Structures are given as structure tokens and as C-alpha cells.
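Q: Below are the sequence and a predicted model for it; my questions follow.
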Amino acid sequence: MASEKLYGALAEFDTTASLFSACEQIRDAGFKKWDSHTPFPVHNLDKAMGLPASILPWLVFVMGLTGAGAGLLLQWWTSAVNYPLVISGKPLFSWQAFVPICFELMVLFCALGAVFGMFHLNRLPQLYHSLFRSERFARVTDDKFFISIEAVDPKFDKLDTVELLKKVGATHVELVEE
Amino acid sequence: MSGHHQVTEVDPASVTISAKHGLWAKLPIIFFCLSGIGIGLTLMGGFKSHEQIKQFYFSYLTAFLFWLSIGLGGLFFVLVQHAARAGWSVIVRRMAETLIAPLALFAVLFIPVALGAHDLFHWTHAEAVAKDPILQHKAAYLNLGRFYTFAAIYFVIWGGFGFWFFKRSTQQDKSGDRQLTRKMQIVSGPALLLYALTVTYAAVDWIMSLEPHWYSTMFGVYYFAGSVVGMFAVLTLIAMAARRAKVTADLLTVEHFHDLGKLLFAFTVFWAYIAFSQYMLIWYANIPEETAWYAQRWPGAWRKISVMIAVGHFVVPFFFLMTRITKRARLPLILAALWMMVIHWVDVYWLVMPTLHPETVHLGLTDLGCTLAIGGLYLGFVTWLWRKHPLIPVKDPRLAESAAFENF
């Protein structure tokens, strides 16, 4: 199948500790387009991989402001512009009464922003991924740990990268096609 | 995974302030001197006219409630850590314990409030109550006999628990007895219930009853929320000081400060939630005997203080403390903690003082003097404990867990 493009190299590890130190070495080798795969969250793996802080908090912050602003706008327009109705002698635009709804919409927008922002940053939904071609990769949901380095990474080299992955402690390395 | 501390044995002497720590060892003297200066400033305010005497009592009540709130916030913190069997907080728990050990001191400091009850509380005036059907109706609760009895009960509970928890924890420093941790955990549950009741009643007795016609069922929580904010500000500053004095055996890390910052932020938001809820319900219902309290604080001179509290106690710290950057950097966190202490004092002042000066804001030397006098005395005792006991519970079974704690 020479016409198939190469996706990258997939390396298998037995323990979190060996994965952890391998990640640190891959990071230090200067790779950019690579990822680690584990059956459960491994704390501080993001630091070992040298990942920058997620932009998700900022996304949630902006969504929160949007939600609160939208809530205020909605209430201002409905109760002071479109259908002005005096309630218990209070001004049409009574911000005190609007706070709870602004607050709730802020929370709602934050929650939606957090969940869907997370989906987006994780590139989900994704129905197909090249790594699923590897049969061994199925055990990532069970008891094995993996590192994948993509062929599009400028540092990637068919032979050298496989060598490097073996050197940093992989128990098995394979090349995966797209 | 990375940089876990292996805590085997912490030498108690290395985490106790001693003569070799220079200025840190002199903190008790410095605070007692500040207290002396405070007393001097208070005396300068004069006690000749009835006006001056009333000013003293109100300033004193403000200062008393402010410093008491720091101790009560500390008691809440210690109780909750035990009830939740918290691991991360063990390193800073002793610092909070030094805040609660001298809580009994406030029973003595309460004497001027007890003596000044007639000048502070309108409901103590028998002739005024006789003409006032509402106050007659409330007389079953608002009377001096009950007022003093309840105050005595509060101080027995606060002083007792403050001393008890400090004593057990410092005992463990020597014996390493794990049963003490269990004992403290068992007591913390019922103690929290008593704590909630006493703080609520005390806030009603000593602050809300300044305006005896007014009532708000949220008032106890309001004082509590402010107390915890003030306490986390003080606790953060103590932890910063301990770090600076190098009495933390390098176990206190940026992770603990990050958590203290998070709690300061969280309780600032909680305070705002309570403050706004109380305000909005009263605003919405618009019943004269309820709105009177806010009406006194909105028109006129008190309006700018009200705005200052809304902005300074919520809006600014909310955005400032939201990001992890400010909570993990030293200077921004110190500034935030100092500011929250100041604005918490303003909040207490705003609760008490409009009763005395409905039309104007008189920030005077007596206010400063009383705050220094009580604060100096209280913090003098707190820092004196730092010289007697390790600032870290060296044999707490969860110390290693606390030292290894990291935020993800």
C-alpha cells in the first residue's frame, strides 16, 4: 500500500513512570506534533509534555461576560423598551431585579462554553482517527500507555524517530498509516 | 510525580520563631506597643462630653467586631479542616490555630461593650421601649439579662473550642498521637453546629440590634461571610510572614498560597452573594421597617461608603483574584490580602457607625485608636504563641500529604 500516507509513529509503554520520562525526553527533543494517550488522567503529564496552559479559562471568561451582558440586554429590551410595564412602582430599568437572571445566564454560558470549548479544543466529535488502525492501540482504554508522533512534525524521520522512541523506553514501536 | 517532598521528621525548633529570627521574634512586643499607641490615641479622643463617650463606644464596638471576626473566621477554618479531614491545609492550619487560641481574650475585651450597652443600644432605654409597641413586642429577646447571658455563652463556646483545638494540636507536636486527630475530627462536627448558632445570634445581638426596629434573617450569615474573608486575608499574610521568616521547613509552597487565594476569592464571592441577596429582597419587598436600614446607608454621606464597599469588597477583588496568575505570585496576593483586610474593616464600620452618625461619616482618631488597641493586643498574643509553639503541626499524620499537595 505504497499510496497510503504515513500518519506517524506509535510507541507503547507499560507504566506511567516510563511514559512520563519518555514524554519529557520527546519534549526536550523538540517535537511539536505529538501526543500521549493514557487510560486515565496522569497528573502533571501536561508539564512533562511541555504543553502550554489551555486557553479554555479565557474562553469561559468571555462566555461569562457575554451571558451576563445578553441577560441584561434581554431584560432591558423586554421590560423597558418593547413592553414597558410598571411593577410595584419601580423604574422600568431596575437593575436589582435583573441581577439573578444575568447571573444565571452567565453560569449557563460559562458551562456551555466550558463543555463545548473543551470539545472543540479536543477536536471532538471525531469519528475516525488514524491511530485506530493499530490493533495494539485498543489497549489504551485498558492498561497501556502510548505516545504518537505525527509524520508532519518537521523533526519526524521514519528511522530516527522510531529509534528515539525505543531509546526512551517504549516496549513496542510501530508506524501507522493515515 | 515531580518534586514531591519526602517529609520524614521536621525539627520543631526549625519551625518555631526564636530569638535568632530578629524582628520576627519581636513581633509580640511590636504589637503590644501598637496597642499602647492605640490606647493613647483613644484617650486623646477624650471622655468629657457624652458625645465623646458615645463615639468611643461605637468606635470600640467596630474594632471589637472586626478583630473578633478574624478569630471567628479562624475557628471556622480549623473546624472545617477537621470535619473534612483535609490534607492540603495541614501546613497552614497551625497558623489559623494561633488565631483561635486567644479567643477567650475577647470575653475580657467585651467588658467595654457590656458597660456601654446603654449608649450603644436604643432598646436598653426603658422609657423609649414603653412608648414603642414594636420594641415592647421584641422585649422578650431584646433585654439586658438575656443579652449578657447569651454573650457569656458565646465566649464560653468560642474561647473553649479555640483553646481546646489549639491544645490538642500542640499536644500532638510532642506525642505524635494519631488519636488526637481523630478526637478533633469527632468534636469538629458538633462544634460547627454550635459555631453557626452562636455567630448568628452574636451578629443579631451586637450589630443588628443597633437598629432594633430593623430585621434581616440573613444578617448572621452576612457577618460570618465577612469574617471568613477577613480571616483568609490575615491567614495569607501570616503564611507569607512565616515563609519570609523561614520557619516553614520549605514545606509551604506556592500551591498552598494558590489555595488560600482561591478561598479568599471564593468567600469574597460568597460575601457578595449574601450581601446582594439581603439587599435585593428588601429592595423588592419595599417594606418601610426593612428598607429603613438601607435608606440610612444610601442617601447622604454614607452613599459613597456603600459604593466603595460594593466595588472594593466585590467588583475589584472578583476580577483581580479570578486568574491563577495573581494567586500564585507573591506581591499581588499580599496586596489583595491587605486590601481585603481594609475593606472588611470598612464593611464592619459601615454596619455599626450609621447608627451614631446617620448624616455624616466621621472617620476619626478614636476609630483608629480602638482598632490599634484591640488589634495590637490580640495579635500580640497570637504572635507570642508563635514563639512558644511550632508554626507547623510537625507530627500531624497528614503533614506529608499537605507538603506534597499540588494544584492541577
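A: That came through fine. The structure presented is a predicted model; accordingly, all values stated were derived computationally and were not measured.

Q: Would you confirm that residue B:47 contacts residue B:57?
A: No: the criterion here is CB atoms under 8 Å, and residue B:47 misses it with residue B:57 at 10.5 Å. All C-beta atoms are positioned from the backbone trio N, CA, C, and that covers glycine.

Q: ok, the two, which is more surrounded?
A: Using other CB atoms under 10 Å in any protein chain shown, the more surrounded residue of residue B:47 and residue B:57 is residue B:57, with 22 against 11.

Q: And the residue nearest to that one when sequence neighbours are not counted, how close does it get to residue B:235?
A: Of all residues not flanking residue B:57 in the chain, residue B:116 sits nearest, at 3.6 Å (CB to CB, 6 or more residues apart in numbering or on different chains). When distance is defined by CB to CB, to the nearest Å, residue B:116 is 31 Å away from residue B:235.

Q: In terms of neighbours, single out the busier of these two.
A: Under the neighbour definition other CB under 10 Å, residue B:116 and residue B:235 were set side by side, and residue B:235 has more, 24 against 18.

Q: show me what contacts the more buried one?
A: Counting by CB atoms under 8 Å, 6 or more residues apart in numbering or on different chains, residue B:235 touches B:74, B:77, B:92, B:95-96, B:99, B:260.

Q: show me the contacts for residue B:175.
A: Residue B:175 is in contact with residue B:395, counting by CB under 8 Å, 6+ apart.

Q: Can you pull the phi and psi angles for it?
A: With angles defined as degrees, to the nearest 10, residue B:175 sits at phi -90, psi -30.

Q: Next one: it relative to chain A, how far apart?
A: Distance, residue B:175 to chain A, by CB to the nearest CB, to the nearest Å: 34 Å.

Q: ditto for residue B:178
A: 27 Å.

Q: That residue: neighbour count?
A: 12.

Q: again, but for residue B:313
A: Look at residue B:313: counted by other CB under 10 Å, it has 24 neighbours.

Q: same thing with residue A:142?
A: Residue neighbour count, defined by other CB under 10 Å, stands at 7 for residue A:142.

Q: again, but for residue B:158
A: Neighbours of residue B:158 (other CB under 10 Å): 24.

Q: before we move on, what about residue B:195?
A: Look at residue B:195: counted by other CB under 10 Å, it has 20 neighbours.

Q: For whatever helix or strand it lives in, buried residues please.
A: Assigned by DSSP states H and E, residue B:195 belongs to helix B:178-206. Using 16 or more other CB atoms under 10 Å in any protein chain shown as the test for burial, helix B:178-206 gives B:180-181, B:183-184, B:187-188, B:191-192, B:194-195, B:198-206.

Q: just for the stretch 201-350 of chain B, where's the confidence low?
A: Nowhere does the stretch 201-350 of chain B drop to pLDDT under 70.

Q: out of everything not next to it in sequence, what's closest to residue 23?
A: Just going to use chain A. Spatial nearest neighbour of residue A:23, excluding adjacent residues (CB to CB, 6+ apart): residue A:48 at 4.2 Å.

Q: switch to chain B, that's the one I care about
A: With CB to CB, 6+ apart as the criterion, residue B:23 has its nearest non-adjacent residue at 8.0 Å, and that residue is residue B:30.

Q: Which one of the contacts of residue B:235 is nearest to residue B:324?
A: residue B:260 (12.7 Å; CB to CB).

Q: my guess is the closest one meets residue B:239, correct?
A: Yes: using CB under 8 Å, residue B:260 makes contact with residue B:239 at a distance of 6.4 Å.

Q: shared neighbours of the two, which are they?
A: With CB under 8 Å, 6+ apart as the test, residue B:260 and residue B:239 both reach residue B:92.

Q: ok, residue B:128 to chain A distance?
A: In terms of CB to the nearest CB, residue B:128 sits 32 Å off from chain A.

Q: Now do the buried residues in the strand or helix carrying residue B:42.
A: Here residue B:42 sits within helix B:27-44, counting by DSSP H and E. For helix B:27-44, burial by neighbour count (16+ other CB under 10 Å) applies to B:27-28, B:31-32, B:34-35, B:38-39, B:41-42.

Q: closest to chain A among the residues you listed?
A: Nearest to chain A among these: residue B:27, at 37.6 Å, using CB to the nearest CB.

Q: what's that closest one in contact with, if anything?
A: B:17, B:379-380, B:383, B:386.

Q: Counting neighbours, what do you get for residue 96?
A: No chain was given, so I picked chain A. 13.

Q: meant chain B, my bad for not saying
A: Neighbour number of residue B:96 under other CB under 10 Å is 26.

Q: For it, give its distance to residue B:285.
A: Per CB to CB, residue B:96 is found 39 Å from residue B:285.

Q: Residue B:45 now?
A: Residue B:45 is 40 Å from residue B:285, by CB to CB.

Q: now the strands: where do they sit in chain A?
A: Using DSSP state E, the strands of chain A run over A:6-13, A:34-37, A:145-150, A:172-177.

Q: so which of the ones you listed gets nearest residue B:224?
A: Taking CB to CB, strand A:34-37 is the member of the strands of chain A nearest to residue B:224, at 45.8 Å.

Q: How about residues contacting the closest one?
A: A:8, A:19, A:23, A:26, A:45, A:49, A:131, A:137, A:140, A:145-150, A:153.

Q: Relative to residue B:370, which of the residues you listed is nearest.
A: Closest to residue B:370 out of the contacts of strand A:34-37 is residue A:45 (54.5 Å), distances taken as CB to CB.

Q: burial of that closest one, as a residue count?
A: With neighbours defined by other CB under 10 Å, the count for residue A:45 comes to 18.

Q: repeat for the one 10 residues further on
A: Residue neighbour count, defined by other CB under 10 Å, stands at 10 for residue A:55.
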